[in-house]
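*Asks:* just need the structure, nothing else, for what follows:
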Amino acid sequence: MSWKASFQQGVFNFRRNKHSEALVLFDEAISLGCDSFIVYDSRAAVHEKLGNNKAALLDAKKVVDTAPDRWQGYARSARLFHALNKDEAAIKMIDLALERIKSDDTQRHQELNALKSQATNALKAADERRRARIAKTAYHIGKLPVEIFAEILGLVVATDHAQILKLSHVCKHWRGIAIKTPSLWQTLVVSKNRPTRKVRLWMERAQTRISDLSFHHNISEMDWPSILSELSSLSWCGLRSLAAPGSFRVRQLRTMTVQAGWIEILPALTANQSLENLVLSDLVSIPMESGGDGCVELSDLQCLKLFSIASVSMITRVIVAPNLQVLHLFSMSHSSDVLEFAHANSLRALRELRIGSCTTTARSLNVTIAGAPLLETLQISGIHGIVNEVLDFICGTHPNDQHQDLCTFLRHVDLSSCGDLLTRNAYSLVKTRLRTDQPATEDGGQPGCRAEIEFLRLDGCPLIEAEMLPWFRGKVKVFSCVYMTKKEGKQRR
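*Replies:* Just a heads-up that it's a prediction; the model follows:
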């Protein structure tokens, strides 16, 4: 019996869905010496129908090896690879099959293109499943050393101390590291919501080493005894910042912020002579029983900001700050002269002076300016009746007693909301400091011993003449002169 008879009988059985009989006949044809690709392709079709995809794939490979220029082996390999979820190989086989099919065979082109689309979609779906599985199972942070991960948490907490609560609730691993890292709990803000419990928890996790302590003004009076009891073991030497609604006596602070309450200023400052920053607002100073003759030297104090202080002179008169560089005084209109400091030369290092809506005199301000040779920034806002005299003093229109050149480093000036400011005084301030307008030195040297004005704000100064604004803008790098806000302009119409 020849192989052709077995092959033809096998094809006959295949067409009648007798796949097992057809497989036996195709095996017989091959055993009789047939090496035609058609027989291998037919046996591959039988294996495919019987679900023997791997055996079918071996026969399809034999078809490709026997007839590499024919499309049948590549097309069947593509279908089998797709069935085995090997879609990348399936797409490659489809491309090879399309190259070998005649261009006018539209039906086979459509079938293979449809199969290619299915394989491509299957690849995308598999990639999405893989990414989803990785997102659910991969945990890269778990590979980090604990010390490095704690540093990362510290960077997050440094920008917003409240984030520690969210970080400690992400997962068991994060919570364990957060709770065992005291530096993440060093900022304690006490409010009316279960304050005692919060203080106890923070003290435990920070191991009593709180560095920044803040109290809201809405804490109930009934909670204070228990709060103070929980804070009894606090390491006060490590405390560097305190914000409290009144007088809360601690020592060795670098920054003190006290808001909305009362304060015994001399004992508070005496106990914290290492202060570098002092901010007081909305306070009432308690008179000293000794009569107020004492003072305290704060050699490290660099920044002093006072806002809405009743009897502010009770504070300024006791402070000696030889290295003070920044002084802000605002909203103290019902006070005595805000510039009454303990010693006239206590502001020699001052570089920034901002004063607004306060009670003072031109003479006091002139004395302060004359005693601050390093002054770079000056703000006088919301004060009526002194700005023109002060500018005359700075420009030399009314020379000082020592005939010294004042404010040689002055570059930034803010005179906003000074309703009586005259154009000529602002003009003189800028012009007398232009390098081209400064007189040469006696030995013929280059002019320019005084710094030019680089920033000038004249907002809310209605007496400034509009025709002079282009000159100011041409001489000053940053210049602003807004007569009124949009809201005020609408009200005037």
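*Asks:* any regions of the stretch 51-200 of the chain where pLDDT drops low?
*Replies:* Per-residue confidence of the stretch 51-200 of the chain (counting by pLDDT under 70) places no residue in a weak region.
*Asks:* sketch out the low-pLDDT regions of the stretch 201-350 of the chain for me.
*Replies:* Checking the stretch 201-350 of the chain against pLDDT under 70 turns up 235-239, 244-253, 259-265, 283-293, 333-338, 341-346.
*Asks:* one more pass at 80, please.
*Replies:* 217-218, 221, 224, 232, 234-272, 282-294, 309-317, 332-346 (pLDDT under 80).
*Asks:* quick one, strands of it?
*Replies:* Assignment of strands within the stretch 201-350 of the chain using DSSP state E, counting those that start in this stretch yields the ranges 212-215, 241-244, 255-263, 277-285, 296-297, 303-310, 319-320, 326-332.
*Asks:* mind listing what the closest residue in space to S281 that isn't next to it in sequence touches?
*Replies:* Sequence neighbours aside, F307 is the residue nearest to S281 in space, at 3.8 Å (criterion: CB to CB, 6 or more residues apart in numbering). C-beta: built from backbone N, CA, C; applies to glycine. With contact taken as CB atoms under 8 Å, 6 or more residues apart in numbering, F307 is in contact with V279, L280, S281, D282, H328, F330, S331, M332.
*Asks:* quick one: the residue lying closest to L301 once chain neighbours are set aside and A114, what's the gap?
*Replies:* Nearest non-adjacent residue to L301, counting by CB to CB, 6+ apart: A321, 4.3 Å away. Look at A321 and A114: by CB to CB, to the nearest Å, they are 85 Å apart.
*Asks:* more neighbours: the two, which one.
*Replies:* The residue with more neighbours, out of A321 and A114 and counting by other CB atoms under 10 Å, is A321; that gives 27 against 10.
*Asks:* these two touch, right, that one and L304?
*Replies:* Yes. Taking contacts as CB atoms under 8 Å, A321 lies within contact range of L304: 6.7 Å.
*Asks:* so what touches the host helix or strand of L429?
*Replies:* In the assignment (DSSP states H and E), L429 maps to helix 423-431. Residues external to helix 423-431 that are found in contact with it (CB under 8 Å, 6+ apart): 387-388, 391-392, 394-395, 397, 413, 415, 437, 453, 456, 458, 461, 463-465, 468, 471-472, 475-476.
*Asks:* same check, this time on stretch 472-479
*Replies:* Contacts of stretch 472-479 from elsewhere in the structure, counted by CB under 8 Å, 6+ apart, are 426-427, 430-431, 434, 453-458, 469, 481.
*Asks:* so among those, where is pLDDT lowest?
*Replies:* Summarising pLDDT for these: the lowest-scoring member is L434, with 86.
*Asks:* look up how far W471 lies from that one.
*Replies:* Between L434 and W471 the distance is 11 Å, computed by CB to CB.
*Asks:* likewise for N388?
*Replies:* When CB to CB is the yardstick, N388 and W471 sit 19 Å from each other.
*Asks:* can you give me phi and psi for the residue nearest to K192 when sequence neighbours are not counted?
*Replies:* With CB to CB, 6+ apart as the measure, N218 is the residue that lies nearest to K192, at 4.8 Å, once sequence neighbours are left out. The phi and psi values for N218, taken as degrees, to the nearest 10, are phi -90, psi 10.
*Asks:* and what of F7?
*Replies:* Torsion angles at F7 (phi, psi; degrees, to the nearest 10) stand at phi -60, psi -50.
*Asks:* before we move on, what about S357?
*Replies:* Taking degrees, to the nearest 10, you get phi 50, psi 50 for the backbone angles of S357.
*Asks:* how many other residues sit next to it?
*Replies:* Once other CB under 10 Å is used to define contacts, S357 is seen to have 15 neighbours.
*Asks:* so it sits right up against M332, yeah?
*Replies:* Yes. Taking CB under 8 Å as the contact criterion, S357 and M332 are neighbours in contact, 7.4 Å apart.
*Asks:* end-to-end on stretch 268-279?
*Replies:* Distance across stretch 268-279, first residue to last, is 13 Å (CA to CA, to the nearest Å).
*Asks:* buried residues in that stretch, which are they?
*Replies:* When neighbours are counted by 16 or more other CB atoms under 10 Å, the buried residues of stretch 268-279 are found to be A268, L269, T270, N272, L275, N277, L278, V279.
*Asks:* if I look at the first one, how far off is A310?
*Replies:* In other words, A268. Distance of A268 to A310, computed by CB to CB: 16 Å.
*Asks:* then the third one?
*Replies:* If you measure T270 against A310 using CB to CB, the figure is 21 Å.
*Asks:* tell me which residues in stretch 352-372 are buried?
*Replies:* 352-356, 358-360, 362, 364-372.
*Asks:* of the residues you listed, which belong to strands?
*Replies:* E352, L353, R354, I355, G356, C358 (DSSP state E).
*Asks:* geometric centre of this protein: which residue is closest?
*Replies:* If you average the C-alpha coordinates of the chain and look for the closest C-alpha using CA atoms, centre = their mean, you land on T159, 6.9 Å from that point.
*Asks:* just the buried ones from the contacts of F307?
*Replies:* Using 16+ other CB under 10 Å, the buried members of these are V279, L280, S281, H328, F330, S331, M332.
*Asks:* not counting sequence-adjacent ones, nearest residue to the fourth one?
*Replies:* Counting by CB to CB, 6+ apart, the nearest residue to H328 once its immediate chain neighbours are dropped is K305, at 4.1 Å.
*Asks:* look up the closest residue to R175, ignoring the ones flanking it.
*Replies:* Nearest residue to R175 in three dimensions, chain neighbours excluded: S168, at 4.8 Å (CB to CB, 6+ apart).
*Asks:* check Q273 too.
*Replies:* Beyond its immediate neighbours in the sequence, the residue positioned closest to Q273 (CB to CB, 6+ apart) is L298, lying 6.0 Å away.
*Asks:* what distance do you get for the one you found to M256?
*Replies:* When CB to CB is applied, the distance between L298 and M256 equals 10 Å.
*Asks:* overlap in contacts, these two.
*Replies:* Common neighbours of L298 and M256 are listed as L275, L278 (criterion: CB under 8 Å, 6+ apart).
*Asks:* wait, A370 sits on D405?
*Replies:* No. If you go by CB under 8 Å, A370 and D405 don't touch, sitting 10.8 Å apart.
*Asks:* show me which of the ones in strands among the buried residues of stretch 352-372 is closest to L96.
*Replies:* Sorting those by how near they are to L96, with CB to CB, puts E352 at the top with 77.5 Å.
*Asks:* ok, now which ones touch the closest one?
*Replies:* E352 is in contact with Q325, V326, L327, L375, E376, T377, counting by CB under 8 Å, 6+ apart.
*Asks:* thinking again about what came up before, for C449, state which of the buried ones among the contacts of F307 is nearest.
*Replies:* Out of the buried ones among the contacts of F307, the one with the shortest distance to C449 is H328. That distance is 28.4 Å, counting by CB to CB.
*Asks:* so what pairs up with that closest one in the strands?
*Replies:* With DSSP bridges applied, the residues forming beta bridges to H328 are K305, R354.
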